[in-house]
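sequence-free structure coming up:
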């Protein structure tokens, strides 16, 4: 059974999107999108990619033939990954009402009754403790400070580069990191069991956050850390010179954001509250249910729920270009730029610097961005890309997150009558090798360690060029090597002829055999055997030859002078 | 429009398009426990767990 249509429908309903919105996102008309959901038309790969980005789910999950999707639940402590079936949740009253309304538009009295019921139930639900969960999101996998870049790799490990003056890059151990944030000289990691880890943090704060449990979101200012637990309770520690932790009385909080010297919290109804000091703070009263915030000393960029950006700044630029971008899923800003990552992995930047703009336009398949006052970082899950001031070595251009394995060496091959054998010298840390020849499907072998690999040559054509390719396979912290390639022309080896010691065959038979192989008669010389080399009967028998025990190719054979000795016929039998 | 080759099959060299994957299933050259992936996917997925399962079922019915 093909579960994809029902998965598409359930995902869309889960996120409260209309079919026409999804049609716009996928670049098709509404009718065509409806055909995807009813199974009469197959969605293509590029459209699946767009859905993966829109719903923040891994491509494997889109492609899996199931209407369940793997997400993460940080409330269940001591578990690495929990398979939450988001779609087996009990259908809400609102869902039932919507379906009913779509099919029974005339039943106004019943609808009116249901509306009243929904209002009553909403009040009841609002007052009931609802644990909030944080869905693992790629945009949380990257964080920067003025001097460091921190990122979570594909294996939930935390890595970083830049200044380690306070130990902010030391002992970044976490087996299940789902979010990182950077302050001035410290790193905070949110683990998937709801705990926090820290590096470079002064002892009293480090000890305090160790006690925080069931944390579902965290954010870092320059010198403060704000977190929220699954019950909506906000925690905050750090230097509070600007009142960045002055959040008394807030509750039922779902998400937290931090600026350098301020904090913003959003409750489960999308209502925002803030404290501390930062540019654009007064504008927040006009906002509701936002996705993210980025800030610098002179800019506040707000990522709206409709994937657009609003920018507040006190410099000379008005950032109208940034406010025109659509489909933005992550935002970053510095003192002189605003950047947005769109759902297709492209980074947009508004900056008065063409060189930087051109560089950023080259980035693709980016999953998260973040920036400090004078530099911007993009992360594609494997590599870090950066532009701007790199004075602390926070980034190298196209820095490799995983170590790429070396290529194999000393590659050689031997072609036999029906096969080709490949030998090579392996590399350390490889978990295997993929050896292949471009003959067609299936001429590829995966081996666990270096060894001779043999391919049949049945499908090879004499005189044709082929490419032998060997890739060192990386796992864990290592990624596959570039392929070692070797081109060769397939020449079937010359046939060889092996002659045993002492043929002991009739002379005529021996000579005819040589003639049949193309040896010219002139090259064959017969020598009568010695006195004791006597045979009976009337047939001269070959007792030895210069070919005895030799293996010769045809050309060697044809160029050889061949001398053989035949046994003498006994005198009494001579005519 | 040219169909892009995006799929990798574990143990196979080169990439394959949607149509080629379906053709390989129909020809019986790839089995339910063969693994597929693309550069956008972080893991291999078994053919039998993927939406191509539909085509495997089609072959069994034949």
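Perfect, thanks for sending it. These numbers were taken from a predicted model, which means no experiment stands behind them. Numbers count the residues shown, from 1 in each chain, chains lettered A, B, ... in the order given.

for the closest residue to chain A within chain B, helix, strand, or coil?
Going by C-beta to the nearest C-beta, chain A is nearest to residue B:13 of chain B, at 3.9 Å. Just so you know, the C-beta spots here come from the backbone N, C-alpha and C atoms, and that holds for glycine as well. Three-state call for residue B:13 (DSSP: H, G, I helix; E, B strand; the rest coil): coil.

how close does it sit to residue A:469?
7 Å (C-beta to C-beta, to the nearest Å).

which one's more surrounded, the two?
residue B:13 (21 against 18; other C-beta atoms under 10 Å in any protein chain shown).

now do the more buried one, the pLDDT please.
At residue B:13, the model reports a pLDDT of 73.

check contacts around the spatially most central residue of chain B.
Computing the C-alpha centroid of chain B and ranking residues by C-alpha atoms, centre = their mean puts residue B:21 first, at 4.2 Å. By C-beta atoms under 8 Å, 6 or more residues apart in numbering or on different chains, residue B:21 lies in contact with B:7, B:9, B:30, B:36, B:52.

and what of residue A:469?
A:434, A:435, A:436, A:437, A:438, A:483, A:484, A:485, A:486, B:13.

mind running it again at 7 Å?
Residue A:469 makes contact with A:436, A:483, A:485, according to C-beta atoms under 7 Å, 6 or more residues apart in numbering or on different chains.

give me the subset of the residues you listed touching chain B.
Residues of those in contact with chain B (C-beta under 7 Å from any C-beta of the partner chain): residue A:436.

list the ones among the contacts of residue A:469 that fall in strands.
A:436, A:485 (DSSP state E).

including neighbour count, distance to residue A:550 and pLDDT, could the contacts of residue A:469 go into CSV?
CSV is the format used below for the contacts of residue A:469 (neighbours: other C-beta atoms under 10 Å in any protein chain shown; distance: C-beta to C-beta, whole Å; pLDDT from 0 to 100):
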residue, neighbour count, distance to residue A:550, pLDDT
A:436, 23, 37, 87
A:483, 17, 41, 86
A:485, 13, 38, 89
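
nearest to chain B among the contacts of residue A:469?
For the contacts of residue A:469, the nearest to chain B is residue A:436 (3.9 Å; C-beta to the nearest C-beta).

is the closest one in contact with residue B:13, as I believe?
Yes: taking contacts as C-beta atoms under 7 Å, residue A:436 lies within contact range of residue B:13: 3.9 Å.

up against chain B, what does the stretch 1-150 of chain A have?
Contact residues (C-beta under 7 Å from any C-beta) of the stretch 1-150 of chain A with chain B: A:2, A:4, A:45, A:49, A:58, A:59, A:60, A:63, A:64, A:65.

which of these count as buried?
Using 16 or more other C-beta atoms under 10 Å in any protein chain shown as the burial test, the residues of the stretch 1-150 of chain A next to chain B include A:4, A:45, A:49, A:58, A:59, A:60, A:63, A:64, A:65 as buried.

now do the helices in the stretch 251-400 of chain A.
A:320-324, A:354-361 (DSSP state H, counting those that start in this stretch).

among the ones you listed, which is nearest residue A:512?
Proximity to residue A:512 (C-beta to C-beta) singles out helix A:354-361 among the helices of the stretch 251-400 of chain A, at 79.0 Å.

list residues touching both of residue B:13 and residue A:469?
Joint contacts of residue B:13 and residue A:469 (C-beta under 7 Å, 6+ apart) are residue A:436.

before we move on, back to that, CSV please, covering the contacts of residue A:469 and showing distance to residue A:563.
What follows is those, written out as CSV (distance: C-beta to C-beta, whole Å):
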residue, distance to residue A:563
A:436, 49
A:483, 53
A:485, 49
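
picking up where we left off before, by neighbour count, which of the contacts of residue B:21 wins?
Ranking the contacts of residue B:21 using other C-beta under 10 Å puts residue B:52 first, with 25 neighbours.

what is the neighbour count of residue 37?
With no chain named, the answer covers chain A. 20.

nope, chain B please
18.

which one is it nearest to, not counting chain neighbours?
Of all residues not flanking residue B:37 in the chain, residue B:44 sits nearest, at 4.8 Å (C-beta to C-beta, 6 or more residues apart in numbering or on different chains).

was I right about the one you found contacting residue B:38?
No: with contacts counted by C-beta under 7 Å, residue B:44 stays clear of residue B:38, the gap being 10.2 Å.

tell me the mean pLDDT over stretch A:509-526?
89.

what pLDDT does residue A:76 get?
The score at residue A:76 is 34. That number is its pLDDT.

hmm, back to that, what's the farthest-apart pair in the buried ones among the residues of the stretch 1-150 of chain A next to chain B?
A:49 and A:65 (17.5 Å).
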